[in-house]
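Chemist: Predicted structure and sequence below. I'll ask about it afterward.
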Amino acid sequence: MAKQFEDNFHRKFYYLRLSVTDVCNFKCTYCLPDGYQPAEKKKPSFLTLEEIQRVTGAFAECGTTKVRITGGEPSLRRDFTDIIRTVAEQPGITKVATTTNGYRMAKHIQEWRDAGLTHINVSVDSLDPKMFYQITGENMFHQVMSGIDAAFDAGFEQVKINTVLLKDLNSQELPKFLDWIKTRPIQLRFIELMQTGEMNDLFNHHHVSGVSIRNHLIANGWLLKVKSHNDGPAQVFCHPDFLGEIGLIMPYEKDFCQSCNRLRISAKGKLHLCLFGEQGVDLRDLLQADDQRPALIDRIRSGLDQKAVGHFLDEGKTGQTPHLASIGG
Ligand code: SAM
Ligand code: SF4
């Protein structure tokens, strides 16, 4: 194995978040409130299967063990199953995850699992179908729920759910969510709303910190679990009376960036060192032939030298990211 990807602050990168499309069929209020709007007139050219194979192969050679396939909505790609298979085939990759809005899961989850998908995250912002519609702009609550059942039927031992915490929208639903995970092996992760470049008043009206949930959990006997080196940023809590777990993703908390172990590739092949911040390092010209791998690895390493110690979200600086669908949230 080549030397592990590491930055100037001794953070090692085991985890790659790979976006495979910017396109999405949902209109989540905090992400694409007006739906997907193509940036250019011509059809966007997202990474091909060969380019995906080359970039994930290079990361795997430098110590990455986990790849999350994201977007936009990754399952909108017609070759999504082939993408999963290609990533799973890279020597050294032991975890292949995806984050999806879940609308295609009920039909396809078995096929994805057979292709090598090991972990799945589904976004569910409310357990109330009407509120789900209000937040996502799509009336697909029941379809997404069937998809989650199908994931258990297909053999996934745990399903992770992402719920963006939104004051006055879903912030009163904690008891409902706890009831839901009591008998189901679901890790429900509350994500604090992050401010992105195109967000207007939504942040000011609906951002709420996860601290009160954390205090509630601790006061009620929930215990913080120890993390593994390629885990994501959630603080995960478990409880002996619950089959499920609760995760909290709190990017505004001091020291959030200290344990950063992940890098991102956009759907057009740019390396992003952080969800927020820079314009990205273009890698696409080095994804055109297998023998470019050494040059590709060198460019990634020089990019890593530029990785900042942290984001500046708490200072209201959202960097260049217009919304998370553009970079793979
Ligand atoms: N379309 C897929 C989905 O929604 O699961 C994958 C892409 S989406 C950008 C990835 C995750 O980012 C979702 O769980 C979504 O809820 C979250 N997300 C998007 N915008 C966000 C924001 N402004 N603040 C916090 N989380 C956000
Ligand atoms: Fe689409 Fe996911 Fe963004 Fe919702 S959060 S609009 S499902 S990309």
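Modeler: Yep, it's here. Residues are numbered from 1 along each chain as shown. Ligands and ions are numbered 1, 2, ... in the order given.
Chemist: pLDDT score assigned to His311?
Modeler: Per-residue confidence for His311 comes out at a pLDDT of 57.
Chemist: just the residues of the stretch 51-200 of the chain that are near ligand 2, which are they?
Modeler: Proximity of the stretch 51-200 of the chain to ligand 2 is confined to 71-73, 101, 123 under the rule C-beta under 6 Å from any ligand atom. Backbone N, C-alpha and C define where each C-beta goes, glycine included.
Chemist: quick one: which two of the residues you listed are the most distant?
Modeler: Spatially, the most separated pair among those is Gly72 and Ser123, at 12.4 Å (C-beta to C-beta).
Chemist: who's more crowded, those two?
Modeler: Gly72 (27 against 23; other C-beta atoms under 10 Å).
Chemist: pLDDT value on that one, please?
Modeler: 95.
Chemist: Please name the residues that touch it.
Modeler: 19-24, 36, 267, 325, 328 (C-beta atoms under 8 Å, 6 or more residues apart in numbering).
Chemist: Now intersect the residues of the stretch 51-200 of the chain next to ligand 2 with the strands, please.
Modeler: Among those, DSSP state E puts Ser123 in strands.
Chemist: Within reach of ligand 1, which of the residues of the stretch 51-200 of the chain next to ligand 2 are there?
Modeler: Among those, ligand 1 is touched by 71, 73, 101, 123 when using C-beta under 6 Å from any ligand atom.
Chemist: Show the average pLDDT along stretch 142-157.
Modeler: 98.
Chemist: got the contact list for the residue in the stretch 101-250 of the chain that ligand 2 sits nearest to?
Modeler: Using C-beta to the nearest ligand atom, the single residue of the stretch 101-250 of the chain nearest to ligand 2 is Asn101, 3.7 Å away. For Asn101, the contacting residues are 24-26, 73, 122-123, 136, 140, 144, by C-beta under 8 Å, 6+ apart.
Chemist: Is Ala97 bridged to anything, and to what?
Modeler: Arg68, His119 (DSSP bridges).
Chemist: thought it was touching His119?
Modeler: Yes - Ala97 sits in contact with His119 when judged by C-beta atoms under 8 Å, with a separation of 3.7 Å.
Chemist: so what sits against both of these two?
Modeler: Arg68.
Chemist: just the CA coordinates of stretch 211-219, formatted as CSV?
Modeler: Extracted in CSV, the C-alpha atoms of stretch 211-219 (Å, rounded to 0.1, in the frame of the first residue of the first chain):
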residue,chain,number,x,y,z
VAL,A,211,-27.5,20.0,22.6
SER,A,212,-31.0,19.7,24.2
ILE,A,213,-31.4,16.3,22.6
ARG,A,214,-28.0,15.2,23.9
ASN,A,215,-29.0,16.5,27.4
HIS,A,216,-32.3,14.6,27.2
LEU,A,217,-30.5,11.4,26.2
ILE,A,218,-27.9,11.6,28.9
ALA,A,219,-30.5,12.3,31.6
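Chemist: hmm, back to that, from the contacts of Asn101, which is closest to Gly197?
Modeler: For these, the nearest to Gly197 is Cys24 (16.9 Å; C-beta to C-beta).
Chemist: okay, that closest one: pLDDT?
Modeler: 97.
Chemist: Need the phi and psi values for it.
Modeler: With angles defined as degrees, to the nearest 10, Cys24 sits at phi -150, psi 150.
Chemist: Surely it touches Tyr36?
Modeler: Yes - using C-beta under 8 Å, Cys24 is in contact with Tyr36, at 5.0 Å.
Chemist: what's the overlap in contacts for the two?
Modeler: With C-beta under 8 Å, 6+ apart, Cys24 and Tyr36 have common neighbours 72, 325.
Chemist: one step back: drop anything exposed from the contacts of Asn101.
Modeler: For the contacts of Asn101, a neighbour count by 16 or more other C-beta atoms under 10 Å gives the buried set as 24-26, 73, 122-123, 136, 140, 144.
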